[in-house]
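Asks: Predicted model follows, preceded by the sequence.
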Amino acid sequence: MFLLPLLAACQPAAVAPVSPPYALGAVEELPVADAVAAADLDGDGVDEVIWVREGVARWSGGEQDLGGRVQVVDRGDVDGDGREEALIATGVGRGVRDVPARLWAIGADGGRVLWEQSGARPQVVDLHVVPQTGGDRLFLVAFEDERMVAGGWVQDGALDVVERTNLSLAMVPLQDGVIVSRLYGDEPKTPGDAVFVGSDGTRRTLPTHRGVRAAEALDVDGDGRPELFLADGWHHAYGEHADPTVVMVPGDPALPARTVARLDGSYAVMAIDALPDGALLLRGSRQVAILQRDALGWAVLPLVDASETDQAVFAKLAEGPAVLVSGTPARQVRLQHR
Ligand SMILES: [Ca+2]
Ligand SMILES: [Ca+2]
């Protein structure tokens with residue numbers, strides 16, 4: 001009778017998940033699509049879905065020839081009118097050569113190009129939307145030539161470059177600097193890393209295991225310092241040495257980094273996107289999954305198998321939350337709250 005109260009007193013305060021965890025709902029097959037994006041174009045609280053097939057984006061009420069393969073998508077209100085735009089970066093890809101890299105904003109009235117760049121390798125690899133009154137800011141990461149990748153702010157049609165690194169596939173802007181990740185190290189076939197580069201010039205290597213393929217920031221504990229989620233474990237011989245993990249680096253430097261997900265069956269986590277309710281959408285090379293907290297910690301909820309070129313977005317549909325996955329066929333995966 002003595003022990004119980006003592007144990008109770010030693011318990012740390014329970015931290016509740018941001019919202020009840022998701023469970024897998026109905027999966028519906030849809031017509032073939034090369035890419036998909038979602039945004040609330042008309043501001044009614046329900047997302048419009050933009051499906052892309054053979055370079056043409058179509059949504060309820062409009063279509064736009066994008067003139068390239070879709071590489072990255074996101075969403076935000078870039079002109080500050082209270083309605084979202086779908087952000088779609090395009091460039092070269094399977095069967096598509098000799099096109100510039102472009103960043104499109106698709107709104108209710110149609111598409112317009114926010115940024116465009118020609119060069120040896122027209123490829124956008126990462127995009128982050130930073131909310132701001134009067135118009136969200138866009139941090140875009142793209143190849144400048146065959147190897148050099150630049151990350152910076154899209155400003156009046158140009159890129160205001162913050163960092164350049166060889167073969168980086170992910171950068172994340174933070175309040176006081178930028179996270180720069182690399183697939184490979186300075187020598188060929190050596191592991192890459194993720195480095196915090198402060199606006200004051202300080203550099204701090206983050207505790208990853210190997211090269212980093214994707215990165216996202218999300219303030220999980222609400223202390224104003226975002227946690228970093230890094231798709232770790234890249235290896236040049238990924239067929240044999242795949243380690244498709246996600247490492248979380250807490251915003252509080254006193255807390256240790258930890259592995260929060262492993263996508264068994266995939267050789268890499270290719271993309272990580274923060275969802276509005278504190279969960280994350282993971283796209284592995286072979287599957288799409290949700291990473292979320294339940295009463296016992298971080299848990300992976302597998303959604304559907306997917307190929308390396310399939311792409312996935314979260315959408316708030318009239319029927320409820322869903323994940324849309326492009327491919328042959330495309331899929332709509334309903335999410336239910338447990
Ligand atoms: Ca809408
Ligand atoms: Ca807008």
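Replies: Alright, I've got the coordinates. Ligands and ions are numbered 1, 2, ... in the order given.
Asks: Quick one: end-to-end distance for stretch 97-117.
Replies: 14 Å (CA to CA, to the nearest Å).
Asks: does any part of it sit near ligand 1?
Replies: No. Stretch 97-117 is not in contact with ligand 1 by CB under 5 Å from the ion; minimum separation 8.4 Å. C-beta coordinates here come from the backbone N, C-alpha and C atoms, glycine included.
Asks: For that stretch, could you pull out the residues that count as buried?
Replies: Within stretch 97-117, the residues scored as buried using 16 or more other CB atoms under 10 Å are 99-108, 111, 114-117.
Asks: Quickly check those residues for the two that are furthest apart.
Replies: Maximum pairwise distance among the buried residues of stretch 97-117 (CB to CB): 26.7 Å, between 108 and 117.
Asks: Could you find the lowest-pLDDT member of the buried residues of stretch 97-117?
Replies: Ranked by pLDDT, the buried residues of stretch 97-117 bottom out at residue 108 (93).
Asks: Those residues of this protein touching ligand 2, which are they?
Replies: Residues of the chain lying near ligand 2 (CB under 5 Å from the ion): 77, 79, 81, 83.
Asks: Buried only: go through the residues you listed for me.
Replies: Listed as buried from these are 77, 83; burial here means 16+ other CB under 10 Å.
Asks: Of the residues of the chain next to ligand 2, which is the nearest to ligand 1?
Replies: residue 83 (8.3 Å; CB to the ion).
Asks: so what's the closest one scoring on pLDDT?
Replies: Note for residue 83: predicted pLDDT of 96.
Asks: other SSEs contacting the helix or strand hosting residue 271?
Replies: Here residue 271, judged by DSSP states H and E, is contained in strand 269-274. Judged by 3 or more CB pairs under 8 Å, 6 or more residues apart in numbering; DSSP states H and E, strand 269-274 is in contact with strand 214-218, strand 227-232, strand 245-249, strand 280-284, strand 312-317.
Asks: As TSV, these with mean pLDDT would be great.
Replies: Putting the helices and strands packed on strand 269-274 into TSV (pLDDT from 0 to 100) gives the following:
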stretch	mean pLDDT
strand 214-218	96
strand 227-232	96
strand 245-249	96
strand 280-284	97
strand 312-317	98
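Asks: Of all those, which one is nearest ligand 1?
Replies: Of all the helices and strands packed on strand 269-274, strand 312-317 sits nearest to ligand 1, with 8.8 Å by CB to the ion.
Asks: can you map out the strands along the stretch 151-300 of the chain?
Replies: Taking DSSP state E, counting those that start in this stretch to define them, one finds strands in the stretch 151-300 of the chain at 158-166, 170-174, 177-181, 194-198, 203-205, 214-218, 227-232, 245-249, 258-262, 269-274, 280-284, 287-294, 297-305.
Asks: Neighbouring strands of the third one in the sheet, and parallel or not?
Replies: Read that as strand 177-181. strand 170-174 (antiparallel), strand 194-198 (antiparallel) (DSSP bridges).
Asks: winner for burial among those?
Replies: Of all these, strand 170-174 carries the top mean neighbour count, a mean of 23, counting by mean count of other CB atoms under 10 Å.
Asks: pull the CA atoms of that one into PDB?
Replies: Taking C-alpha atoms only, strand 170-174 is exported to PDB below (Å, rounded to 0.1, in the frame of the first residue of the first chain):
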ATOM      1  CA  ALA A 170      16.700  18.300 -48.400                       C
ATOM      2  CA  MET A 171      17.100  21.600 -46.600                       C
ATOM      3  CA  VAL A 172      14.900  23.100 -43.800                       C
ATOM      4  CA  PRO A 173      14.700  26.800 -43.000                       C
ATOM      5  CA  LEU A 174      14.600  27.600 -39.300                       C
END
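Asks: what angle do it and strand 227-232 make?
Replies: Between strand 170-174 and strand 227-232, the angle comes out at 170 degrees (axes from the mean of the first three to the mean of the last three CA atoms, to 10 degrees).
Asks: and for strand 170-174, what are the contacting residues?
Replies: Identification of contacts with strand 170-174 by CB atoms under 8 Å, 6 or more residues apart in numbering yields 125-126, 128, 130, 139, 141, 149, 151, 153, 162-163, 165, 178-181, 196, 212-217, 226, 228, 231.
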